[in-house]
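Undergrad: model this:
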Amino acid sequence: MSGIGGVRPATTQFNLLKCVQNGMEKITEEKGPKILLLDKDTQDALSMTCSFSDMLQKDLYLIDMLSSGKRQKQGHLKAIVFVRPTDGNIADLKSELKSPLYAEYHLYFTNIVSEDSLADIAKADEYEVVQKVHELFCDYFPLHSHAFTLDIDRPLVTGKDIGDASMRCVEGLQSILLSIRRKPTIRFQKNSEACRGIAEGLARKMKEEAVLFDFRKSDECTALIVDRSSDLITPLLTQWTYEAMVHEEFRICKAKARVPVESGKIEDMNLAPSFDSFWSENVHANWGDLCVAVKNIVESYKEKSSSAESKDSKTANLEDLKKFMDKIPELRKDSIAMGKHTSIAAELGRLIRTRKLLEVSSLEQDMVCSNTHKEHVERLYSLLDDERIAVTDLLRLVLLYTIRWEKSKDNQADKFKERLVARGLSSRHEKAFNQVLKYGGSHVNGGLIDDEKKLSNILRAAVKGMQDVENIYTQHDPNLKKIIQNAIKGKLSFESFPSVSTQQAQPVSPGKLKEFIIFLVGGVTYEETKIAATLMSEIPGLRIVIGGTDVLRTTDVIDVLSH
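TA: Just a heads-up that it's a prediction; the model follows:
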């Protein structure tokens, strides 16, 4: 085996989509016919950022899985291997090299490869077919240029339950830092064992891999490790932005969603921002603006297609016919986008009507943003008596009530639970009541809604004044927004978010901190990725990368609480 070495990250941008795309360009720059061998994770990551049809134009003869045992010997091809450096992939690679099917092997790993693994690869390379070994640092799934997930399918994983997922978090964050070339100050939520473990593990890795992290430590860059338990309200609320709604109802997985269309059929829809301009432009649009945008693309398509067909084929000259033919690919692309997004919007509209989500959401927002307990009780009883509202939506309301009014002497959560059971709540979902305060109550969220005085202060700081509210369904701001704002101002408490370094980090001047890597242990929400994007658009020079163990839905939260 020859040519072993690492590759310095090619970009300093806070653009995760571009980081993966740059990695793909590096992989495919080898000249001559070649085969690309992937694992499941790299296949999914590439499908979210790169077009496989475009990749096939770069002398790629075939794209296959490293683990596949059905490939035939093709000695005229080079093999480009792009995988995570897991034990399983190293074992598959060793088997491959002992009986090589291709003339050369160029190995690209998404993260740091251990010395032991490199030694195992070298030992297996008896035919000396390995030409290069590179580390590209893209061991994550990019959702947007500023957002990512590690796709750890264990929602709300935290505390002692995090187990081996802790190391995966460290590896993912390590890869993020190396891909954007940052060596930040690491701070973590003090009352979270999981956050502390990940923060300390990341700091340890940065020290062990000092050569790779040999770039200037930035006093302006901070990594914040936050526990989901600090805000269980946000993932339980009905969301009204396009991306969050689609994820809640249809689950976006690796930039794809399965959406019901006409005649009860289920259609797989690609929602990768790199390939769908309408999706990219409207992911954060609220429901009202989205409906207008969908109407506009329908009208635009009608206008374009009408213009293209207006020429009479009998009188049209060759130049007219050529112009018409040139427009066909664009019209087809527009037709696909129009059909996709009108179908999604139509199904979302149906769900909003049939489940009375406007009424449900109005009470949700009022409960978390106002201090009128008696009114909340009356409205919740009214909705519990409405047979048109699904039991699962009522369960969300009661769980929110339980968190919101945990300390109230007039708390009626037990009575609401009885009403839900009478409405048909399953015995499994009953367990959610026993867990919701254990996971997201005042003893873990810092008592954010402890007493009326403290509540009124928080409301003034975190909730938009009613005179400024554009939409009563989006009054609530995630707790993360306040954390970021305090960090920017140099006011984030070191008591609540200590530094992992041996020397206590000193408070910085207000406005000096302009770069953040934020990781939510237990899952991030699309509402929080939107908040990060909004803050960057409002504050010049601010750069944020935000991600989590997974992207949460209300369904995920309830399912975990119900076990």
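
Undergrad: quick one: contacts for Y381?
TA: Y381 is in contact with R419, counting by CB atoms under 8 Å, 6 or more residues apart in numbering. C-beta: built from backbone N, CA, C; applies to glycine.

Undergrad: how close does it sit to F416?
TA: Y381 is 8 Å from F416, where distance means CB to CB, to the nearest Å.

Undergrad: With G339 instead?
TA: 42 Å.

Undergrad: Tell me which of those two has more neighbours.
TA: Just comparing G339 and F416: by other CB atoms under 10 Å the higher neighbour count belongs to F416, 22 against 15.

Undergrad: Wasn't that one part of a helix?
TA: Yes: applying DSSP: H, G, I helix; E, B strand; the rest coil, one finds F416 inside a helix.

Undergrad: I figured it hits R379, correct?
TA: No: counting by CB atoms under 8 Å, F416 sits too far from R379 to count as a contact (11.8 Å).

Undergrad: what about the nearest residue to R553 once chain neighbours are set aside, how many neighbours?
TA: Using CB to CB, 6 or more residues apart in numbering and skipping residues adjacent in sequence, the residue nearest R553 is E248, 5.2 Å away. Each residue near E248 was counted by other CB under 10 Å, and the total is 22.

Undergrad: quick check, E248 in a helix?
TA: Yes: counting by three-state DSSP, E248 falls inside a helix.

Undergrad: That one touches Q239, doesn't it?
TA: Yes: using CB under 8 Å, E248 is in contact with Q239, at 6.1 Å.

Undergrad: Kindly state the pLDDT recorded for the residue nearest to R553?
TA: pLDDT, E248: 96.

Undergrad: same deal with K58?
TA: As predicted, K58 sits at a pLDDT of 80.

Undergrad: Figure out the helix or strand that it lives in.
TA: Using DSSP states H and E, K58 sits in no helix or strand.

Undergrad: these two touch, right, it and T28?
TA: Yes: using CB under 8 Å, K58 and T28 qualify as a contacting pair, with a distance of 4.3 Å.

Undergrad: neighbour count winner among these two?
TA: Comparing K58 with T28 by other CB under 10 Å, the one with more neighbours is T28, at 19 against 15.

Undergrad: Compute the distance between the more buried one and K132, please.
TA: Separation of T28 from K132 (CB to CB) stands at 14 Å.

Undergrad: now R228
TA: When CB to CB is applied, the distance between R228 and K132 equals 40 Å.

Undergrad: Show the backbone phi and psi for the nearest residue to V545 once chain neighbours are set aside.
TA: Spatial nearest neighbour of V545, chain neighbours left out: I517 (4.9 Å); criterion: CB to CB, 6+ apart. I517 adopts backbone torsions of phi -110, psi 110, taken as degrees, to the nearest 10.

Undergrad: Which positions are bridged to I517 in the beta structure?
TA: On the basis of DSSP bridges, I517 is bridged to A223, V545.

Undergrad: list the contacts for it?
TA: 173, 176-177, 180, 182, 184, 221-224, 544-546.

Undergrad: what about 10 Å?
TA: By CB atoms under 10 Å, 6 or more residues apart in numbering, the contact set of I517 is 14, 148, 173, 176-177, 180, 182, 184, 186, 202, 221-225, 543-547.

Undergrad: Tell me how many other residues surround S277.
TA: 11.

Undergrad: should've said K207
TA: K207: 9 neighbours (other CB under 10 Å).

Undergrad: how far away is it from A194?
TA: 21 Å.

Undergrad: ok, now I546?
TA: On the measure of CB to CB, I546 and A194 end up 18 Å apart.

Undergrad: Same check on D386?
TA: D386 sits at a distance of 39 Å from A194 (criterion: CB to CB).

Undergrad: If you count surrounding residues, which of the two has more?
TA: Per other CB under 10 Å, whichever of D386 and A194 has more neighbours is A194, with 26 against 12.

Undergrad: my guess is the more buried one contacts A165, does it?
TA: Yes: under the criterion of CB atoms under 10 Å, A194 makes contact with A165 at 8.6 Å.

Undergrad: Check the average confidence over stretch 365-384, would you?
TA: Averaged across stretch 365-384, pLDDT comes to 94.

Undergrad: Same check on stretch 176-195?
TA: On average, the pLDDT along stretch 176-195 is 93.

Undergrad: Go through it and flag the buried ones.
TA: Within stretch 176-195, the residues that count as buried by 16 or more other CB atoms under 10 Å are 176-189, 192-195.

Undergrad: can you give me the end-to-end distance of that stretch?
TA: End-to-end distance of stretch 176-195: 17 Å, with CA to CA, to the nearest Å as the criterion.

Undergrad: Report the secondary structure state of the closest residue in space to T110 that isn't next to it in sequence.
TA: Distance criterion CB to CB, 6+ apart; nearest residue to T110, sequence neighbours excluded, is D139 at 4.1 Å. With three-state DSSP as the basis, D139 sits in coil.

Undergrad: For V211, see how far away D139 is.
TA: From D139 to V211 the distance is 18 Å (CB to CB).

Undergrad: same question, L535
TA: 34 Å.

Undergrad: and after the lowest-mean-pLDDT helix or strand in the chain, which helix or strand comes next?
TA: Between all helices and strands in the chain, the lowest mean by mean pLDDT, DSSP states H and E belongs to helix 452-462, at a mean of 43. Later in the chain than helix 452-462, the nearest helix or strand by DSSP H and E is helix 479-488.

Undergrad: Does anything pack onto that next one? Which helices or strands?
TA: Helix 479-488 is packed against strand 221-227, helix 452-462, strand 515-521, helix 526-538, strand 543-548, with contacts defined by 3 or more CB pairs under 10 Å, 6 or more residues apart in numbering; DSSP states H and E.

Undergrad: so which of the ones you listed comes closest to F52?
TA: strand 543-548 (24.5 Å; CB to CB).

Undergrad: What is the distance between that closest one and the centre of its chain?
TA: On the basis of CA atoms, centre = their mean, to the nearest Å, strand 543-548 sits 9 Å off its chain's mean C-alpha point.

Undergrad: Among the buried residues of stretch 176-195, name the ones in helices.
TA: If you go by DSSP state H, the buried residues of stretch 176-195 have 176-180, 193-195 in helices.

Undergrad: what about stretch 181-193, distance to the chain center?
TA: 19 Å.

Undergrad: Repeat that for stretch 98-114.
TA: Distance, centroid of stretch 98-114 to centroid of chain: 29 Å (CA atoms, centre = their mean).

Undergrad: burial count for the closest residue to Y102 other than its chain neighbours?
TA: Using CB to CB, 6+ apart and skipping residues adjacent in sequence, the residue nearest Y102 is A79, 4.0 Å away. A79 has 26 neighbours, counted by other CB under 10 Å.

Undergrad: Confirm for me that A79 is in contact with I63.
TA: No: A79 is beyond contact range of I63, at 11.4 Å (criterion: CB under 10 Å).

Undergrad: can you list residues touching both of the two?
TA: 35-37.

Undergrad: what ranges of this protein fall below the confidence cut-off?
TA: Under the criterion pLDDT under 70, the flagged ranges of the chain are 1-12, 154-162, 216-218, 263, 305-331, 444-470, 501-512.
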